[in-house]
Every structure is written in structure tokens, then in C-alpha cells.
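Peer 1: for reference, the sequence and a predicted model appear below.
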Amino acid sequence: MVARVLRPEGKGFILLDSHPGGCARIVEEMIAEVPGKRAAAEVGPRALVIGCSAGYGLSAAIAGLFGHGAQVIGLCYERPATARRSASAGWYKVAALVEQAAKAGLVFEPMNGDCFDPAVRRQVLDRAADKFGQVDVLIYSVAAPRRTDPKTGDVYHSAVKPIGGPYQARNLTFSDAGEPSLRGATLEPASEAEVESTVKVMGGEDWADWVTDMASRKMLAPGFATAALTYVGSDLTAPIYRQGTIGRAKDHLEATAGELTDGPLAGSSATAVTSVNGAAVTLSSLAIPGISLYLTLLHEVAGDKAQSAVDQSLRLWAHLTGEAPAELDDKGRLRLDGWELAPDVQAELRQRWGNGAEDVLGRLADPGWFRQQILRLYGFEVDGIDYSVPVEVDESWPIHG
């Protein structure tokens, strides 16, 4: 393919292209967040990270590799470059992580495919069995718009809707020139079918399938630990998130941890937990109505109290490896979101939440920061990158073995 200049063009929060150089630099920045990096000679836990190319899944892979010397096989579902468009941001970030891990003498092998597909799961587990024998850690970080049920062939679509009544959302949006505004939107409540479909996609069924298959193949090492990532969030976003369709799916995901403990993990030293992470600007979180305003206000209010995705992932790994076990809440969930839900942070957020657009955009939030975070998801607005220089977008999938 011919090298070309890439620009952040698209509609809303969805851009058409991603910048490979910017994506690579972001991975480098994330790695730099890891203190006291492990030497390659210190062979760490054998791990699978399902959903390793973006958001908290990418952070979990980086924290495991560079913070704990983990040997990681990752699975993601990313798009290669075409004649008209670059590859997806996750494609480039995975390629960059492969390169950085190899430089450090660490083991990171990514695979590309649909985690819901039993054939893909079998391929990943075959590879893990060949490479590792047994697995010490499985981290499940999946946010998907749809899922095909392997047993019936039915296709389910997730919906982000309230339950029981409509919800009034205020969304932070930007003009083509980058000018911010707040726009209201009314979301009608979900049908029961939409609730059930969202649970099928975003609940714990697929996580359980992964663990059950690993157990049946005797791939669970002594002390095996697995975590699925979840979110609780603020009362301010509860009507559209925790009390809505996604919340029902998260309830199912969290209940699955107990079912795994009592089922395929029973009688062993293995553990299954859900990890409640704090709010972050990710491609999946941007699909939630109103979250743009919440994230922008949270950035201003939390300030230095905020913990990055890498920081939280390091805490997750410390718990899963037994290095620094953390206390669980009364529902058995590992809580990494204390900085977000701190009473003083939430109290200040409530004071700002209902203010008019002029106050919010003028003095209570930082829309410029939020817009930059959106662009960075795609590798734009990254320091040290000259975006006027044409770049080659056709990178092959990194294969190391």
C-alpha cells in the first residue's frame, strides 16, 4: 500500500482511521508507567488475556508482562488495513506491544479472532497447551456489540438502555472545528428481549465457557486465578448503566464468579473474582449515553487521586498472583475504583452535574482534555508524532512463537 497522511476524520467519537505511529507511542507511554520492570530472566506466571488490544485489557497485558514478567497469550478481534482505511487502533497497539515485549525479552503472543467462537477458543487453548501446558492466570476483558450463540446460531445484540422508564442524558459533543457543546437526548426503556440479549453478550456465559473448557482440558495450574473486569460507577450514571441493561449483564458476570467457584473450580485452590475498575475513556465506554459529561467532570474533580488503567491493572495482578492480596467487598468483588467513588469526589461531582452548559463548559469541566483523549484512542494528539508525514498503514499481524 502507498504511504499516506492520516487525519482524525469521522463522525462523533468514531474515527475512520488510526495512526500506527501514535498508537505505538501510546503503548510506550503505558509501559513507562510500570515501575521496577521485571527482568526477562524472571519467568513469571503463564497467562491468557482475553480482550488484549484496548482499554483495560491492553493495560492488563502490559501490567502482566512488564510488572510481573508474565508470559502472555492474548486474544483480540481487530481489523487489518484495507485499500481505503488504516487498520484499527488495536491492531497497531498489539503490534507495538509485541515489538516492545520482544525487546525486553518477554513473551507476548497475540491471536486475532472472535472470543465467542468455540473454534477460536479451541485454537487459543491449543496454543496455550502447547506453549505453557497449564495456565496460572486468565483475565477476561470483553466489551462487544454482538454475539452469536454457539449452541443455537442465534445472534444477540447488546443495548445500552435504561430499564423501567426513559432516561434523559446530556452528552458532550464537538463540532467539526472542535467546539464543545452539551446536547440532551431521551432514551426509551429497553424491552425484556433487549435486556436478555444484552446479558447474553455482556454477561458471564462466555467467561464461564473459557474456564470450563480449560478445566476439562486440565489446563488449570495449581493456584489458578481468573478475573473478569466489571464496573459499578456512580449514582449519577446508574439509571443508564448499573440500573440499566448493561448493569443486568454485569450482575450476571459477577454472579458467574460464584458459579465458577462452586462448579469447575470446586475442590481446587483456584479462584474466580470480578474486578471493579474505575471509569476511563475507552471505545466501549463512549457508547454509554451521558458518560462523556461524567468522565470530563470526573477528570477535573478527581485530579491527582485518579488512578490510570495501568495502575489499576498492576493492583489486579498483585492480587491474582498473591503478591499483595486485596480485600473483597461484600459481593466478593475486587474493588479498584475507590478513587472514583470516594465520598468527597462524588459529592463534588453531584454539585457540578446539574449545572447549565455555560458553567459546565466554561469552568467546571475540561472539554479539551476529553476531546484529546478521544483522539488518542486512535493514535492522534500524541506528543512527538509528526502527523504531516505520510505513514505506511499496512502492517501484518505480528506472529511470534
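Peer 2: Everything's here; your move.
Peer 1: please tell me the pLDDT value assigned to residue 228.
Peer 2: Looking at residue 228, its pLDDT reads 98.
Peer 1: whoops, I mixed them up, residue 12
Peer 2: pLDDT at residue 12 comes out at 84.
Peer 1: tally of neighbours for it?
Peer 2: 11 (other Cβ atoms under 10 Å). The way it works is simple: take the backbone N, C-alpha and C, and place the C-beta from them, glycine included.
Peer 1: so what sits opposite the residue nearest to it when sequence neighbours are not counted in the bridge?
Peer 2: Excluding the flanking residues, the one nearest residue 12 by Cβ to Cβ, 6 or more residues apart in numbering is residue 173, at 7.2 Å. Here residue 173 sits in beta bridges with residue 181, going by DSSP bridges.
Peer 1: hang on, residue 173 packs against residue 183?
Peer 2: Yes. Residue 173 lies in contact with residue 183 (Cβ atoms under 8 Å); the separation is 5.3 Å.
Peer 1: between these two, tell me which one has more neighbours.
Peer 2: residue 173 (16 against 11).
Peer 1: now for residue 44, how many residues are close by?
Peer 2: 21.
Peer 1: sorry, back to before: list the contacts for the residue nearest to residue 12?
Peer 2: 12, 180, 181, 182, 183, 292 (Cβ atoms under 8 Å, 6 or more residues apart in numbering).
Peer 1: next one: residue 270
Peer 2: 220, 223, 224, 225, 226.
Peer 1: so what does the second one have for phi and psi?
Peer 2: Spelled out, that is residue 223. phi 80, psi 10 (degrees, to the nearest 10).
Peer 1: how deep is it tucked in, by neighbour count?
Peer 2: Residue 223: 15 neighbours (other Cβ under 10 Å).
Peer 1: pretty sure it is touching residue 320, no?
Peer 2: No. Between residue 223 and residue 320 there is no contact under Cβ under 8 Å: 9.7 Å.
Peer 1: before we move on, what SS does the nearest residue to residue 45 once chain neighbours are set aside have?
Peer 2: Once flanking residues are discounted, residue 45 sits nearest to residue 136: 3.8 Å by Cβ to Cβ, 6+ apart. Secondary structure assignment for residue 136 (DSSP: H, G, I helix; E, B strand; the rest coil): strand.
Peer 1: where do the strands sit along the protein?
Peer 2: Assigned by DSSP state E, the strands in the chain fall at 10-11, 14-15, 46-50, 71-76, 108-112, 135-140, 146-148, 155-157, 167-174, 180-187, 220-230, 271-276, 334-335.
Peer 1: make CSV out of those and add distance to residue 93.
Peer 2: Output for the strands of the chain, formatted as CSV (distance: least, Cβ to Cβ, whole Å):
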stretch, distance to residue 93
strand 10-11, 18
strand 14-15, 15
strand 46-50, 13
strand 71-76, 9
strand 108-112, 10
strand 135-140, 17
strand 146-148, 23
strand 155-157, 26
strand 167-174, 24
strand 180-187, 27
strand 220-230, 17
strand 271-276, 21
strand 334-335, 25
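Peer 1: out of those strands, flag the one nearest residue 359.
Peer 2: Proximity to residue 359, assessed across those by Cβ to Cβ, is greatest for strand 180-187 (10.4 Å).
Peer 1: buried residues in that closest one?
Peer 2: 180, 182, 187 (16 or more other Cβ atoms under 10 Å).
Peer 1: again, but for stretch 65-79
Peer 2: Applying 16+ other Cβ under 10 Å to stretch 65-79 flags 65-78 as buried.
Peer 1: likewise stretch 230-241?
Peer 2: Under the neighbour-count criterion of 16+ other Cβ under 10 Å, stretch 230-241 has 230, 231, 232, 233, 234, 236, 237, 239, 240, 241 buried.
Peer 1: which residues touch it?
Peer 2: Residues contacting stretch 230-241 (Cβ under 8 Å, 6+ apart): 160-162, 167, 169, 187, 242, 247, 250, 253-254, 274-277, 279, 288-291, 294, 333, 337, 340-341, 346, 349-350, 353.
Peer 1: now do that stretch: distance from first to last residue.
Peer 2: End-to-end distance of stretch 230-241: 12 Å, with Cα to Cα, to the nearest Å as the criterion.
Peer 1: now stretch 292-312
Peer 2: For stretch 292-312, the first-to-last residue distance is 21 Å (Cα to Cα).
Peer 1: tell me the mean pLDDT for that stretch?
Peer 2: Here stretch 292-312 scores 96 as its mean pLDDT.
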